[in-house]
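> Build me a model:
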Amino acid sequence: MSTEIKGKESLEYDSEPCDWPSGKQSQAFKQLNKEVLDILLFDPKAFSALKGGLTNATVDSLGIKDISPFSVFNDKHVRKAHDAATQLSRKPKETMLKALKFLRTAHPKSPFIEYLARITFMRHPETRDATLPPSRQTLPSAYFTQEEIFDAMKAQEQDAGSFLVAPFRAMDTQQSKGKFDRERELSWWREDIGLLEHNFNWHLYYPYPPNHPRDRQGELFAYMHQQMLARYDFERLAMGLDRVMPYGPGYGWDRPLNEGFNPRMALCSFRPSDMYVAPPDAHPNPRAAHEEMERHKERLRDGIARGSLYNKDEVKIPVDMNKLGNTILANAGSVNKNLYGEINNQGHLIIANMNDPPRKYQIQPGPLNWDQTGPRDPVFYRWHKFVDLLFEEHRMNLKSYTRKDFEFPGIEIESFEVELHPDEYHKKNVSKSLEKTNNFYTYIESKDYTAYNLDPERKVKIEKKNYLNHIPFSYKLSIKNENKRDATVVFRVFLAPDMDESLDEMRCMFVELDRFIVTLESGKESHFIQQRNRKSSVVRRPQMSVEDIENGKDDKSHGNCCGWPLNLLIPRGTKHGMKGNLYVLATDWTVDAVNPQESVRGPISYCGEKGEQTVYPDTRPMGFPFDRQVVDGNKDPIDDIAEMAKMVPNSYMTRVKLNYLGEWNREESAGEKSK
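This is a model prediction of the structure:
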């Protein structure tokens, strides 16, 4: 992921390293992709055979059965899935494929079977590198509302009464949008398909039981969700809303939850407003999950304050972000699951089942039960704000950064700006001229998705409205390397709203935009670097669709499905231009990297490297340099980001504007083009 830069000419940085395969795959590999794809798609002929009494000996011998409603936050459910995946991954490939084909045919709408199939493919030695299609295409009921699915099928004269589609519940869509509920104003962001896929894929790559946690999984859990909150708060401020307030034990847990939510999906139930986690007049029960969570929270806070947690042998274990994250996740890396509980998972399940806690009436859980649907619900962010407060208590105990922690002697950033590329825009006619320097431009459009496993015979095209996107851009830097040797530099790019708050108060608002590595020749000449937005270390590379796999295209993402959606890289901003601060810090990659000689690939910022045995390539704390307080030479807190940039020559701050252009109608644009 490093590129050598020479001379005064501005060279574009190439994020795909020269030693990374070009993406060309063999015909045998493409055939394997098609075999895997066949398992994930509904097969009418196989279904007919199943109705005729067909069974599968492998499924019967392993005792694999569907789980409904399945949740990745339920310890028992995930253990059963991974136990079954482990057993299947030890079978010959053909035996494994036949077993999964049988399960998929028997349960074509099951989130459990979808999850089981994907983790089995990722684990089996012959399919672990196979390319998987987006889950939105193979389990669309977890991503699209009932109205979107039925409107699409009716428009294409397809059978909306197919057994693959849940019974349609007629509803007043205007009432369901909550006219006076301001949280609905951000539904376009929370319901973005790429956002939902990111949350699903992250939990797929970083499961909790029974696996031993991946390298720095607990820390990455904290950082990835903190970044989701930062991005969501950025959007809230642009809409004139307050930042997210926490909801959990000690933070409104004993009061009615104001936010109701109707996901309008067959998979999830709705939640009326003003519901309680537990009725205030309920009989006290020390074993009730919500009361246990209160005790677990206080034990964690006590350990964080003391700097150590007790393991099962009552030995004090020093707290760090990774151990704390694994303990909150309750995975195999938890310091003491009995003492500190399963805070994150239990919180998801308690909120998801507020309608029917004991499952007495078999009411479907709410969105927080599933990782695909959780981000739709406003309370998802309130819950994770509560979780992040536990991490923040630990961050506040960390030793503050000083100038020495940031310095890179001999390296000086002379300029840093954003350059727009309107020639790559959607040919939209804009009423005002675009400022090409230090301005971001976003817009709303509609986007078409193709979905399978709805109509037994054909794919379904679903139109998704209110899809945020932005005009492409580049970062441009001028930098000097006055050292006597070449320098391998990692650039860390962050964006934050311009707010009347101290740096320490708004550390959590800095959104990571990119992290890229460049090798600079020694000498006093300035080097000019250009980095394109689409190559960001945050965003997922374009994922192979069902159609791409069927047509035998090469997979340029190299099978890494994790990552933030490119269309949401830049916050929406406002029509008058929301002010923001863009910050870049250049540090020594030979010091920061786990292995400076190895290339860093793909969306590493939020997802790390692909593979269960890989290590996170950057040794710096995640979120660096905004993961803790920054002080000056007198040990006084730095007041603002401009002061911090002035203090560190190898950093730079640029003031930018985030401009929202409004809606773009594709048909109108096409009409303008034809004229």
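> Let me know the secondary structure of residue 350.
helix (DSSP: H, G, I helix; E, B strand; the rest coil).
> Report the contact partners of it.
277, 289, 290, 293, 357 (CB atoms under 8 Å, 6 or more residues apart in numbering). Heads up, the C-betas are built off the backbone N, CA and C, glycines and all.
> Looking at those, point me to the pair that's furthest apart.
293 and 357 (13.5 Å; CB to CB).
> quick one: which of those two has more around it?
residue 293 (21 against 17; other CB atoms under 10 Å).
> quick one: what helix or strand has residue 643 in it?
helix 641-647 (DSSP states H and E).
> ok, residues contacting that helix?
Residues contacting helix 641-647 (CB under 8 Å, 6+ apart): 403, 496, 503, 581, 583, 630, 632, 638, 651, 652, 653.
> and the helix or strand harbouring residue 94, average pLDDT?
Applying DSSP H and E as the criterion places residue 94 in helix 93-106. Averaging pLDDT along helix 93-106 gives 96.
> Determine how far stretch 361-375 lies from the middle of the whole chain.
Taking CA atoms, centre = their mean, to the nearest Å, one finds stretch 361-375 lying 18 Å from the centre of the chain it belongs to.
> Quote the end-to-end distance of that stretch.
25 Å (CA to CA, to the nearest Å).
> any idea which of the contacts of residue 350 is closest to residue 547?
residue 357 (43.0 Å).
> Dump the helix holding residue 643 to PDB, restricted to CA.
Taking Å, rounded to 0.1, in the frame of the first residue of the first chain, the C-alpha atoms of helix 641-647 are listed here in PDB:
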ATOM      1  CA  ILE A 641      -7.400  21.400  16.300                       C
ATOM      2  CA  ALA A 642      -5.800  24.500  14.700                       C
ATOM      3  CA  GLU A 643      -3.500  24.800  17.800                       C
ATOM      4  CA  MET A 644      -2.600  21.100  17.500                       C
ATOM      5  CA  ALA A 645      -1.800  21.400  13.800                       C
ATOM      6  CA  LYS A 646       0.400  24.500  14.500                       C
ATOM      7  CA  MET A 647       2.200  22.600  17.200                       C
END
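> Would you mind listing the buried residues in it?
641, 644, 645, 647 (16 or more other CB atoms under 10 Å).
> what about the third one, distance to residue 608?
Okay, so that is residue 645. 28 Å (CB to CB, to the nearest Å).
> what's the answer for the first one, then?
The spacing between residue 641 and residue 608, counted by CB to CB, is 27 Å.
> helices and strands of the protein: which one bottoms out on pLDDT?
Within the chain, no helix or strand scores below helix 173-176, which has a mean of 41 by mean pLDDT, DSSP states H and E.
> Give the other helices and strands that the one helix or strand residue 291 maps to contacts.
Taking DSSP H and E as the definition, one finds residue 291 inside helix 289-306. Here helix 289-306 is seen to pack against strand 308-310, helix 321-329, helix 337-340, helix 343-352, helix 378-397 when contacts are counted using 3 or more CB pairs under 8 Å, 6 or more residues apart in numbering; DSSP states H and E.
> and of these, who's closest to residue 93?
helix 321-329 (32.0 Å).
> Just say helix, strand or coil for the closest residue to residue 144 other than its chain neighbours.
Excluding its sequence neighbours, the residue lying closest to residue 144 (CB to CB, 6 or more residues apart in numbering) is residue 462, at 5.6 Å. Under three-state DSSP, residue 462 falls in the strand class.
> Tell me what residue 462 is bridged to.
residue 449 (DSSP bridges).
> picking up where we left off before, could you tell me the angle between the helix holding residue 291 and helix 343-352?
150 degrees (axes from the mean of the first three to the mean of the last three CA atoms, to 10 degrees).
> Hmm, residue 370 and residue 142 touching each other?
Yes. Using CB atoms under 8 Å, residue 142 is in contact with residue 370, at 6.4 Å.
> more neighbours, the two?
residue 370 (27 against 23).
> Would you mind putting the helices and strands packed on helix 289-306 into JSON lines with mean pLDDT and distance to residue 558 alongside?
As requested, the helices and strands packed on helix 289-306 are exported to JSON lines (pLDDT from 0 to 100; distance: least, CB to CB, whole Å):
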{"stretch": "strand 308-310", "mean pLDDT": "97", "distance to residue 558": "38"}
{"stretch": "helix 321-329", "mean pLDDT": "97", "distance to residue 558": "26"}
{"stretch": "helix 337-340", "mean pLDDT": "96", "distance to residue 558": "35"}
{"stretch": "helix 343-352", "mean pLDDT": "94", "distance to residue 558": "30"}
{"stretch": "helix 378-397", "mean pLDDT": "98", "distance to residue 558": "30"}
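> Next, count neighbours for the residue lying closest to residue 330 once chain neighbours are set aside.
Leaving aside its chain neighbours, residue 330 sits nearest to residue 342 (3.7 Å; criterion: CB to CB, 6+ apart). Residues lying near residue 342 (other CB under 10 Å) number 25.
> Quick check: residue 342 touching residue 75?
Yes. Between residue 342 and residue 75 a contact is recorded at 6.9 Å, counting by CB under 8 Å.
> Are there residues contacting both of the two? Which ones?
Between them, residue 342 and residue 75 share these contacting residues under CB under 8 Å, 6+ apart: residue 330.
> tell me the mean pLDDT for the helix holding residue 643?
On average, helix 641-647 scores 95.
> Who are the packing partners of the longest helix seen in the chain?
When the chain is parsed with DSSP state H, its longest helix is helix 217-238. On a contact count with 3+ CB pairs under 8 Å, 6+ apart, helix 217-238 meets helix 187-190, helix 321-329, helix 378-397, strand 487-497, strand 511-520, helix 604-607.
> can you list these in JSON lines and add distance to residue 563?
Listed next are the helices and strands packed on helix 217-238 as JSON lines, based on distance: least, CB to CB, whole Å:
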{"stretch": "helix 187-190", "distance to residue 563": "17"}
{"stretch": "helix 321-329", "distance to residue 563": "20"}
{"stretch": "helix 378-397", "distance to residue 563": "19"}
{"stretch": "strand 487-497", "distance to residue 563": "16"}
{"stretch": "strand 511-520", "distance to residue 563": "12"}
{"stretch": "helix 604-607", "distance to residue 563": "6"}
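> For the residue nearest to the spatial centre of the chain, which non-adjacent residue is closest in space?
With distances taken as CA atoms, centre = their mean, the chain has residue 198 as the residue nearest its mean C-alpha position (3.8 Å). Once flanking residues are discounted, residue 198 sits nearest to residue 564: 5.7 Å by CB to CB, 6+ apart.
> now the protein, which segments are flagged as low pLDDT?
1-23, 158-180, 209-210, 279-287, 426-432, 559, 665-675 (pLDDT under 70).
> the strands in it, which residues?
2-5, 10-12, 308-310, 316-318, 411-420, 439-451, 460-470, 473-481, 487-497, 511-520, 523-532, 578-588, 651-663 (DSSP state E).
> Report the contact partners of residue 491.
Applying CB under 8 Å, 6+ apart, the residues near residue 491 are 477, 514, 515, 516, 517, 518, 529, 531, 584, 585, 586.
> Tell me the bridge partners for the nearest residue to residue 303 once chain neighbours are set aside.
Excluding the flanking residues, the one nearest residue 303 by CB to CB, 6+ apart is residue 309, at 4.1 Å. Applying DSSP bridges to residue 309 gives these bridge partners: residue 317.
> is it true that residue 309 touches residue 316?
Yes. At 7.4 Å, residue 309 counts as touching residue 316 under the criterion of CB under 8 Å.
> who has more neighbours, the two?
Remark: of residue 309 and residue 316, residue 309 carries more neighbours, 23 against 13, as counted by other CB under 10 Å.
> distance of that one from residue 613?
26 Å.
> Contact partners for residue 615?
215, 216, 594, 608, 609.
> Please tell me how far the second one sits from residue 628.
To residue 628, residue 216 is 17 Å away according to CB to CB.
> ditto for the third one
Residue 594 sits at a distance of 21 Å from residue 628 (criterion: CB to CB).
> which one of these two has more residues nearby?
Taking neighbours as other CB under 10 Å, residue 594 and residue 628 compare with residue 628 leading, 21 against 14.
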